[in-house]
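Q: Sequence first, predicted model second:
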Amino acid sequence: MEFLHSQKLTSGGNSGSSTQKYVDVEEVKDGVIILKDGSFRAVLLVSSINFDLKATEEQDSIISQYQNFLNSLDFPMQILISSRKLNIKPYMEYLKKKETQLDNELLIFQISEYQNFIKNLAEVSNIMSKFFYVVVPFHPVENIKTGFFDRLLGSANTQMSIARRRELFETYKNQLWQRVDHVTAGLGGTGVKIVLLKTEELIELLYNSYNPSTRNNSIIKDIEKVELK
C-alpha cells in the first residue's frame with residue numbers, strides 16, 4: 001500500500017480505541033512516518049507555480065523536466081492535495097500586536113478598520129487554502145502479518161535487540177532519504193520549491209487528515225519556521 005493512510009477510514013461516534021485499528025500509522029519519529037506494515041513514509045511540502053503565466057518556452061521546459069523526473073523514478077510516489085478553510089486567527093493576532101505598538105492615531109484607526117475588513121471578508125467568504133504534498137515511500141520488509149521490528153528481531157527487549165532496532169531504523173531511514181533527495185532534485189528542476197516536513201508538521205498533517213471536521217482550527221506550531229526554501 002502506497003498511500004499515507006488507509007482508504008478504510010470511517011467516521012462516526014466510535015471511541016478513539018475502537019477506531020485506532022483503521023489508522024495505519026504506528027509511529028512518527030525523526031521526520032519519518034512508520035506504518036503498521038513496517039514501511040516508511042517521508043512527506044515533502046511542495047509549492048505551486050502559475051503555469052499559465054509562463055512563456056511557451058518556459059512551459060515546454062517545465063513539461064520536459066517533469067517528464068524526465070517521472071521517467072527517472074523506480075519507486076511509487078503519491079501526490080496529495082489538501083484543501084483547508086483559511087485560518088485567519090494568527091494573522092489577526094499579528095495585526096492586533098502591531099496595533100498596540102503604534103503611536104500614530106491615524107495608523108491605529110486604519111489598522112483597526114483593516115482588521116474589521118479582513119474579519120468580515122472571512123465570515124462572508126469561504127476562503128480556502130491548498131497545500132501540495134509528495135509522499136515518498138520505502139518498504140524494508142514485504143511481509144505485513146507481524147510487527148516490523150518483531151519480524152526482524154523477535155519480541156525480546158534486550159539491550160542488544162534495542163540497539164539493533166535503532167541501527168536498522170537508521171539504515172532504512174538513510175535509504176528513504178536517498179529517495180527524498182532524488183525527488184527533491186527532480187521536482188526542483190521544474191521550478192517548484194520543496195521542504196521536508198519534520199516530526200511536528202507530520203503529526204499536524206496526520207491529525208488534519210484523520211480529523212477533517214476540525215482541521216481548519218489546527219495550526220502548525222511555529223509556522224514561521226516551516227518555510228519553502
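A: The structure has been received and is ready for your questions.
Q: so who does residue 99 touch?
A: 108, 111-112, 115 (CB atoms under 8 Å, 6 or more residues apart in numbering). To be clear about C-beta, it is placed using only N, CA and C from the backbone, and glycine gets the same treatment.
Q: Kindly recompute the last result at 10 Å.
A: If you count contacts by CB atoms under 10 Å, 6 or more residues apart in numbering, residue 99 has them with 107-112, 114-115.
Q: what's the helix or strand containing residue 63 in contact with?
A: Secondary structure assigned from DSSP states H and E places residue 63 in helix 56-72. Helix 56-72 is contacted from outside by 49, 51-55, 77, 182-183, 185-192, using CB under 10 Å, 6+ apart.
Q: Can you spell out the domain ranges of the chain, please?
A: What automatic domain parsing lists as the domains of the chain is 16-84+129-225, 87-126.
Q: Comparing the ones you listed, which stretch has the densest surroundings?
A: For these, the largest average neighbour count (mean count of other CB atoms under 10 Å) is found in domain 16-84+129-225, namely a mean of 14.
Q: any idea of the mean pLDDT in it?
A: The average of the pLDDT scores along domain 16-84+129-225 is 81.
Q: Report the distance from it to the chain centre.
A: 7 Å (CA atoms, centre = their mean, to the nearest Å).
Q: Ok, stretch 103-120 next?
A: A distance of 34 Å separates the centroid of the chain from that of stretch 103-120, by CA atoms, centre = their mean.
Q: Just the residues contacting it, thanks.
A: Stretch 103-120 has contacts (CB under 10 Å, 6+ apart) with 88, 91-92, 95-96, 98-102.
Q: Mind checking which of those land in helices?
A: Secondary structure assignment (DSSP state H) places 91-92, 95-96, 98-100 from the contacts of stretch 103-120 within helices.
Q: out of those residues, what pair is the most spread apart?
A: Pairwise distances across the ones in helices among the contacts of stretch 103-120 (CB to CB) peak at 15.5 Å, for the pair 91 and 100.
Q: For the closest residue to residue 41 other than its chain neighbours, list each beta-bridge partner.
A: Ranked by CB to CB, 6 or more residues apart in numbering and with sequence neighbours excluded, the top spatial neighbour of residue 41 is residue 33, at 4.0 Å. Beta-bridge pairing for residue 33 (DSSP bridges): residue 28, residue 41.
Q: before we move on, the earlier item: check the contacts of residue 99 and tell me the two furthest apart.
A: Spatial extent of those (CB to CB) is set by the pair 107 and 115 at 12.6 Å.
Q: For the host helix or strand of residue 165, name the packing helices and strands.
A: Assigned by DSSP H and E, residue 165 belongs to helix 159-188. Helices and strands touching helix 159-188, by 3 or more CB pairs under 10 Å, 6 or more residues apart in numbering; DSSP states H and E, are strand 25-29, strand 32-35, strand 40-46, helix 56-72, strand 128-138, helix 148-153, strand 194-196.
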